[in-house]
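Enquirer: Just a sequence and a predicted model for now, questions to come.
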2 protein chains.
Amino acid sequence: MNAPRRVRTSAAVLPADGRRQNLSLVLQTLRRLGPSSRAQLAREVGVTKVTMSDLVAELISEGRVRDAGTAAQQGPGKPATLVDLDPAGLLTVAVDLSVPARLQAAVVDITGEMLHLEVREAAVDTESGRGVDPGVVVELVRSVLATAPHPVLGIGIGTPGVVDARGSVRTAPNLGWTDVALHDLVSDATGLPVLVTNDSDAATQAELSSSPGSEDLVLVQVGRGVGCGIVSGGRRVVGAHHAAGEIGHVTVGTDVGEPCSCGRRGCLETWLSVPRLRAALDAADPDDVVTVGGRRLAVALAPLVAALDLSEVVLAGPPELLEPLVPVVADGLSERLLPSPDGPLVVRLATHPDDIVLRGAAALVLWDRLGVV
Amino acid sequence: MNAPRRVRTSAAVLPADGRRQNLSLVLQTLRRLGPSSRAQLAREVGVTKVTMSDLVAELISEGRVRDAGTAAQQGPGKPATLVDLDPAGLLTVAVDLSVPARLQAAVVDITGEMLHLEVREAAVDTESGRGVDPGVVVELVRSVLATAPHPVLGIGIGTPGVVDARGSVRTAPNLGWTDVALHDLVSDATGLPVLVTNDSDAATQAELSSSPGSEDLVLVQVGRGVGCGIVSGGRRVVGAHHAAGEIGHVTVGTDVGEPCSCGRRGCLETWLSVPRLRAALDAADPDDVVTVGGRRLAVALAPLVAALDLSEVVLAGPPELLEPLVPVVADGLSERLLPSPDGPLVVRLATHPDDIVLRGAAALVLWDRLGVV
DNA sequence: AGATTTAGTTAGTAACCTTTACTAACCGCT
DNA sequence: AGCGGTTAGTAAAGGTTACTAACTAAATCT
């Protein structure tokens, strides 16, 4: 993702690159199947038993995989000696900056378990005052890192705003940041690989990791504003300027709409946002706001779903606010799209919406460092 | 693409796979740089001179690359012996079914040169009568194939309608086809690799091949209806059901719109299509139709451009009809999107709109068989 | 008990790329 | 001329990777 990566569009493939890919495949397969024998892994990945023994031996020596006892007997033949992922060797630090007043970081293992979570509640004056001190993020990371029982693979950070290829935050109004070299700050402070991503993208990665069947989906994150992450063909879309998913300020509809903070009218965010939904919930009749917001979202998503032939639309955010939105968006989309012949479009809420950015940030590190999706 | 391909989501990478990838890289680099020395190729691809000599030798023995004389001297050192792509060993047959009344096929070489073009003008009664006989396509391919001066790599076919993973045309109303196993028909008749693709997708591949700088673009093909092809991160988007790009029947806008042949109202096709534009051109005041159609296209594209962070919108179709559309679409998009900080969105016509599907179908074969983009 | 089946290891081989060392061919300078 | 320096290309040897063939180990089936 960010810093230590090849810039070349295409590079020669050496046998060692193939080896790394195969090691990744073993880890992925173990995650999918759980404790497995070398022979089973060999069949699954498509190499011979000999090669698999060698691959597994390398992973064991690196501490990524460990012995997992003997399999219960079931049929003839020598009983299998199982191996499994070693959570101790697959730790990451994940950071969630998506709520500036409540910065979070955690040590996460390969199973998604949070070994240690820390929160910095900061009185951020987001409206007028100055923003969040990046030093707080560095301190938070250091503090969490100190609690890790084993070396970590890297640090994943999900932040609001646009993140460039070098891991700098171009603009993040909510944090009050402009051109903050977050990658370099954290990397220099820790000496570890650091991956900085947009928070919606991190959430998308989390969703992708937790439901590996879906390869074409959009995750819409509703918060202060609206952002989205897109997966097409199993890959996250990054975009020409690393700004994919920025749909909050797209004009939606052909009527005029209300004025937006960006200076134009009819942006998606003027119809749909957490503050707006929450205000409606307090008021007498929330249905109207939900219906209007949901339908506008459907209007914006329809061309996207059709053009990319997506199979899932996932909504992430406060579940109590988004839950009533689901049927509205589903209806709105089905009215605006030709029905798909191979199964209907699924509209649903995200699977663990509370720590979705944290889990996504952790998943990003695994994906970058080990190729594990 | 179609038939002879791995189904597995992920498979082990053998050293031989790396070799194939490297051979592809050599061909791609030759296409990018023109005649080159082995040493230059080695530096470019990132392997040693020794390996490059070996790779080139293999390509020469396969007839894909040929000796290209000696380089003009420029500086000290032994003058380079150049090698270049051998057009004779890189022939494909491309077929364009996008205009049912005018089926085309050609032998195309790596440079895009059409060595032999044949056309079947058929009086197709698209409205009521029965559709095009798939046998005509087979005969056309056979006829063109017979003129190829050397063995061809494969046959690429661009067809209207939705094409599934096995190369069958699910539905193509314009051709009067439902579930036509085009891949198998042509493959059985010729014994060659066959790639069947949607015509918009083929056109997109052509655009991608002719301007390799653009990695995030949408190509909108305006014909009888409207379709599009999307490239994200340098890859064509195929979609969950191989139906990406089908935007013709997305409802656009929040007003009602005119009834569409699909039974709903306000589809993009009701505002924008070649028949509609042509009729307007004949009438007194074409501006209105162009403006309305262009603006509607911008309404539909805006969420797509924002969400995917595209850098280019390319229009393909009759240039005289689409040329006035370009500024309308550009204006409509800039009104509806936040301006991109890294250079503006480019809206333009496709580079060779007449034989774009043919060139794309040829490019698809090269891409599939040799990995050459 | 012996055949069969499955897991895993050992030994040898083929493919791939690299490093090192070489020859060939050219320039520029004395 | 002749020599040093530079670049292109080839040859030989070595390391890595994954394969096949053949083995041992340990269970079930007959």
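Expert: Nice, thanks for sending it over. Residues are numbered from 1 along each chain as shown, chains lettered A, B, ... in the order given.
Enquirer: how close does the residue of the stretch 101-250 of chain A found nearest DNA strand D sit to chain B?
Expert: Nearest to DNA strand D in the stretch 101-250 of chain A, going by CB to the nearest atom of the strand, is A:Leu153, at a distance of 19.7 Å. Backbone N, C-alpha and C define where each C-beta goes, glycine included. With the distance defined as CB to the nearest CB, to the nearest Å, A:Leu153 ends up 20 Å from chain B.
Enquirer: go on, A:Val50?
Expert: From A:Val50 to chain B the distance is 13 Å (CB to the nearest CB).
Enquirer: Could you report the separation of that residue from DNA strand D?
Expert: As judged by CB to the nearest atom of the strand, to the nearest Å, A:Val50 and DNA strand D stand 4 Å apart.
Enquirer: Wasn't that residue part of a strand?
Expert: No - using DSSP: H, G, I helix; E, B strand; the rest coil, the secondary structure at A:Val50 is helix, not a strand.
Enquirer: What parts of the stretch 101-250 of chain A come near chain B?
Expert: Within the stretch 101-250 of chain A, the positions near chain B by CB under 8 Å from any CB of the partner chain are A:170, A:215-216, A:218, A:228, A:230, A:232-235, A:237-247, A:249-250.
Enquirer: Any of these buried? List them.
Expert: Neighbour counting by 16 or more other CB atoms under 10 Å in any protein chain shown classes A:170, A:215-216, A:218, A:228, A:230, A:232-233, A:237-247, A:249-250 among these as buried.
Enquirer: any idea whether the residue nearest to A:Ile157 when sequence neighbours are not counted is helix, strand or coil?
Expert: Excluding the flanking residues, the one nearest A:Ile157 by CB to CB, 6 or more residues apart in numbering or on different chains is A:Val95, at 4.3 Å. Here A:Val95 is strand, with the state taken from three-state DSSP.
Enquirer: Okay, now the unreliable bits of chain A?
Expert: The model of chain A has pLDDT under 70 over residues A:1-10, A:123-130, A:284, A:286.
Enquirer: Could you tell me which helix of it is the longest one?
Expert: helix A:287-308 (DSSP state H).
Enquirer: Give me the distance from that helix to the chain's centre.
Expert: 22 Å (CA atoms, centre = their mean, to the nearest Å).
Enquirer: what residues does the stretch 1-150 of chain A put near DNA strand C?
Expert: Proximity of the stretch 1-150 of chain A to DNA strand C, by CB under 7 Å from any atom of the strand, involves residues A:12-15, A:37-40, A:49-50, A:53, A:75-82.
Enquirer: Now, these that are in helices?
Expert: Judged by DSSP H, these include A:Pro15, A:Arg38, A:Ala39, A:Gln40, A:Lys49, A:Val50, A:Ser53 as members of helices.
Enquirer: Are any of those residues buried, and if so which?
Expert: A:Arg38, A:Ala39, A:Gln40.
Enquirer: which residue sits closest to the first one in space, ignoring its chain neighbours?
Expert: Spatial nearest neighbour of A:Arg38, chain neighbours left out: A:Met52 (4.9 Å); criterion: CB to CB, 6+ apart.
Enquirer: Would you map the helices across the stretch 151-300 of chain A?
Expert: A:182-190, A:199-210, A:268-271, A:274-282, A:287-308 (DSSP state H, counting those that start in this stretch).
Enquirer: Packed most tightly, which of the ones you listed would that be?
Expert: Most buried of the helices of the stretch 151-300 of chain A, by mean neighbour count (mean count of other CB atoms under 10 Å in any protein chain shown): helix A:199-210, with a mean of 28.
Enquirer: Show me what that one is packed against.
Expert: Packing partners of helix A:199-210 (3 or more CB pairs under 8 Å, 6 or more residues apart in numbering or on different chains; DSSP states H and E): strand A:152-159, strand A:217-222, strand A:226-232, strand A:235-236, strand A:312-316, helix A:356-370.
Enquirer: Break chain A into its domains for me.
Expert: A:15-85, A:90-202, A:212-349 (automatic domain parsing).
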